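Trainee: my questions concern the predicted model and sequence given below.
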Amino acid sequence: MAHSPERPKLYVCTDCQLVYAGTVAEHVEGGSHVYEPPAECRVCDSTSFVETSQWPHRHD
Ligand SMILES: [Zn+2]
């Protein structure tokens, strides 16, 4: 089985579109990590974040 390198999730502030790397919330046995978005945006104080992988789908 191919092993793909782990990369941290990225989160986008929905208000100012600044991108943050997710912080590791938990180290899970087996080598995977759980990531979580920052508590709030340092720029605009928003607490609303989406993963970059989902960002293009939010178009409204
Ligand atoms: Zn922001």
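Mentor: Now that the structure is in, tell me what you want to look at.
Trainee: please identify the pairing partners of the helix-or-strand element of the chain with minimal mean pLDDT and their relative orientation?
Mentor: The helix or strand of the chain with the lowest confidence, counting by mean pLDDT, DSSP states H and E, is strand 23-27 at a mean of 81. Sheet neighbours of strand 23-27, with direction, are listed as strand 33-36 (antiparallel) (DSSP bridges).
Trainee: for the nearest residue to residue 12 once chain neighbours are set aside, what are phi and psi?
Mentor: In this structure, residue 12 finds its nearest non-sequential neighbour in residue 55, 4.9 Å apart by Cβ to Cβ, 6 or more residues apart in numbering. In short, each C-beta sits where N, CA and C put it, glycine included. As for residue 55, its main-chain torsions (degrees, to the nearest 10) stand at phi -60, psi -50.
Trainee: okay, now residue 55: neighbour count?
Mentor: Counted with other Cβ atoms under 10 Å, the burial measure for residue 55 works out to 16 neighbours.
Trainee: need the contact list for the closest residue to residue 24 other than its chain neighbours.
Mentor: Nearest residue to residue 24, sequence neighbours excluded (Cβ to Cβ, 6+ apart): residue 33, at 4.9 Å. Going by Cβ atoms under 8 Å, 6 or more residues apart in numbering, residue 33 touches 6, 8, 24-27.
Trainee: can we see that at 10 Å?
Mentor: The contact partners of residue 33, by Cβ atoms under 10 Å, 6 or more residues apart in numbering, come to 6, 8-9, 22-27.
Trainee: and the nearest residue to residue 21 once chain neighbours are set aside, how many neighbours?
Mentor: In this structure, residue 21 finds its nearest non-sequential neighbour in residue 8, 5.0 Å apart by Cβ to Cβ, 6+ apart. By other Cβ under 10 Å, the residues close to residue 8 number 12.
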